[in-house]
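fold the following, please.
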Amino acid sequence: MRARRMELGLSVQSVAADMNFSVDHYRMLETGVRKQTLTSVVAFSELYHVSTDYLIYGYSNSPELQSALETVITMLSDIKGYV
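Residues are numbered from 1 along each chain as shown. Model prediction:
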């Protein structure tokens with residue numbers, strides 16, 4: 001969550017305010033000291049424009065992403081064959 005927040009240029013204070021959390025509460029969520037609810041995971045995925053998979057697992061299992069990764073792997077294999 002911290003990495004994504006920073007990618008978006010958001011401060012701890014602004015995210016805490018957007019989520020209606022205290023700064024301390026948000027920091028505990030971000031560091032994993034406090035566990036999240038399903039509701040907060042969904043809210044963070046909307047705020048950060050990422051899938052819930054990404055927030056929970058650190059990656060996305062979406063079919064679109066899987067297809068894109070397979071395409072990249074195929075392209076890299078083709079390039080390797082030409083080198």
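
where along this structure do the helices fall?
In the chain, the segments counted as helices under DSSP state H are 2-7, 12-19, 23-31, 38-48, 52-57, 63-82.

check the offset of the longest one from the chain's centre.
Taking Cα atoms, centre = their mean, to the nearest Å, one finds the center of helix 63-82 at 23 Å from the center of the full chain.

keeping just the C-alphas, turn that helix into CSV.
Coordinates of each C-alpha in helix 63-82 appear next as CSV, following Å, rounded to 0.1, in the frame of the first residue of the first chain:
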residue,chain,number,x,y,z
PRO,A,63,-7.5,-12.5,-17.0
GLU,A,64,-6.4,-9.4,-18.9
LEU,A,65,-3.1,-9.3,-17.0
GLN,A,66,-2.5,-13.0,-17.5
SER,A,67,-3.1,-12.6,-21.2
ALA,A,68,-0.7,-9.6,-21.4
LEU,A,69,2.0,-11.5,-19.5
GLU,A,70,1.6,-14.5,-21.8
THR,A,71,2.0,-12.2,-24.8
VAL,A,72,5.1,-10.6,-23.4
ILE,A,73,6.6,-14.0,-22.6
THR,A,74,5.9,-15.2,-26.2
MET,A,75,7.5,-12.0,-27.6
LEU,A,76,10.6,-12.4,-25.4
SER,A,77,10.9,-16.0,-26.5
ASP,A,78,10.7,-14.9,-30.1
ILE,A,79,13.3,-12.2,-29.6
LYS,A,80,15.6,-14.7,-27.9
GLY,A,81,15.3,-17.0,-30.9
TYR,A,82,16.5,-14.2,-33.2
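
which residues does stretch 1-18 contact?
22-23, 25-27, 29-31, 44, 47-50, 54-55 (Cβ atoms under 8 Å, 6 or more residues apart in numbering). Every residue, glycine included, has its C-beta placed from N, CA and C.

select only the buried ones of the residues you listed in PyMOL?
With 16 or more other Cβ atoms under 10 Å as the burial test, the buried ones among these are selected in PyMOL as follows:
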select buried, resi 26+29+30+44+47+48+50+54+55
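
pull the most distant pair out of the contacts of stretch 1-18.
Greatest spatial distance in those: 22 and 54, 24.8 Å, computed using Cβ to Cβ.
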